[in-house]
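Peer 1: Provided below for reference: sequence and predicted model.
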Amino acid sequence: MKFNRSKFSAIIILSALIALQACKAKKLVQKPAAAPTDTVKVAAPVQETKPVIPVQETKPVATVQTPNYNFSNIQFEFNSSVLRTDSYPVLDQAAMNMKMDTTARFVLKGYASAEGTPQHNLALSQDRGNSVKEYLINSGVHSASLTATGYGVANPVADNNTEAGRIINRRVEIHKQN
């Protein structure tokens, strides 16, 4: 039985090789196109000599991009100084503009809504300012150019008697110092 099985295997392998050889793509040989019998004489093109005008090199003018210091407020959740992820693009843009002028100084003004004690809101607003400052420093802004200050519930920009107003008042404002 072993002898027959080995013969059968050899026959299968041989027939597979023959089948693969038969399936091999054949190259088509193209016949060269017949050469035209009529020849047309073409005259050599006449070259005109034009005066050479020297080209002056133009140097690209360096454009100085002025920083945009009109920053959006950074908003926070209730009783939190943790940066929201929607603040990252705003802070990245602010950091990019701050790094354009290394002599500029900025104040980060932290605020809180009118919920909680005045002492807690003052500490929370300071923590919010420090969170923004830390993010900007980690983004490459020099720490000496940033000052974080907490103002608590002072200077509300919206009504603290409504939830919508309190949400707007939980913020850090970024201002360029004059």
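Peer 2: Structure's in. What do you need? Numbering: from 1, shown residues only.

Peer 1: ok, residue 145 - contacts?
Peer 2: 98, 102, 104, 105, 106 (Cβ atoms under 8 Å, 6 or more residues apart in numbering). For every residue, glycine as well, the C-beta is placed using N, CA and C.

Peer 1: apart from its neighbours in sequence, what residue is nearest residue 158?
Peer 2: residue 165 (3.5 Å; Cβ to Cβ, 6 or more residues apart in numbering).

Peer 1: so is the one you found in a helix, a strand, or just coil?
Peer 2: helix (DSSP: H, G, I helix; E, B strand; the rest coil).

Peer 1: start the count at 26, not 1, going forward
Peer 2: Right, with 26 as the first residue, what we last looked at is residue 190.

Peer 1: I figured it hits residue 184, correct?
Peer 2: Yes: taking contacts as Cβ atoms under 8 Å, residue 190 lies within contact range of residue 184: 3.8 Å.

Peer 1: where do the helices sit along this structure?
Peer 2: Taking DSSP state H, the helices of the chain run over residues 27-47, 113-125, 143-163, 188-194.

Peer 1: geometric centre of this protein: which residue is closest?
Peer 2: Centrality entry for the chain: nearest residue to the mean C-alpha point is residue 114, 9.9 Å, by Cα atoms, centre = their mean.

Peer 1: any idea how far that one lies from residue 174?
Peer 2: 24 Å (Cβ to Cβ, to the nearest Å).

Peer 1: helix or strand with the lowest mean pLDDT in the chain?
Peer 2: helix 27-47 (a mean of 68; mean pLDDT, DSSP states H and E).

Peer 1: quick check: closest non-adjacent residue to residue 168.
Peer 2: Ranked by Cβ to Cβ, 6+ apart and with sequence neighbours excluded, the top spatial neighbour of residue 168 is residue 162, at 5.0 Å.

Peer 1: how far away is the one you found from residue 170?
Peer 2: Computed as Cβ to Cβ, the residue 162 to residue 170 distance reads 10 Å.

Peer 1: how about residue 98?
Peer 2: 19 Å.

Peer 1: for the residue nearest to residue 143 when sequence neighbours are not counted, give me its contacts.
Peer 2: Of all residues not flanking residue 143 in the chain, residue 177 sits nearest, at 6.0 Å (Cβ to Cβ, 6+ apart). Residue 177 makes contact with 136, 137, 143, 146, 147, 149, 150, according to Cβ under 8 Å, 6+ apart.

Peer 1: picking up where we left off before, farthest-separated two in the contacts of residue 170?
Peer 2: Greatest spatial distance in the contacts of residue 170: 127 and 131, 11.7 Å, computed using Cβ to Cβ.

Peer 1: lovely, talk soon.
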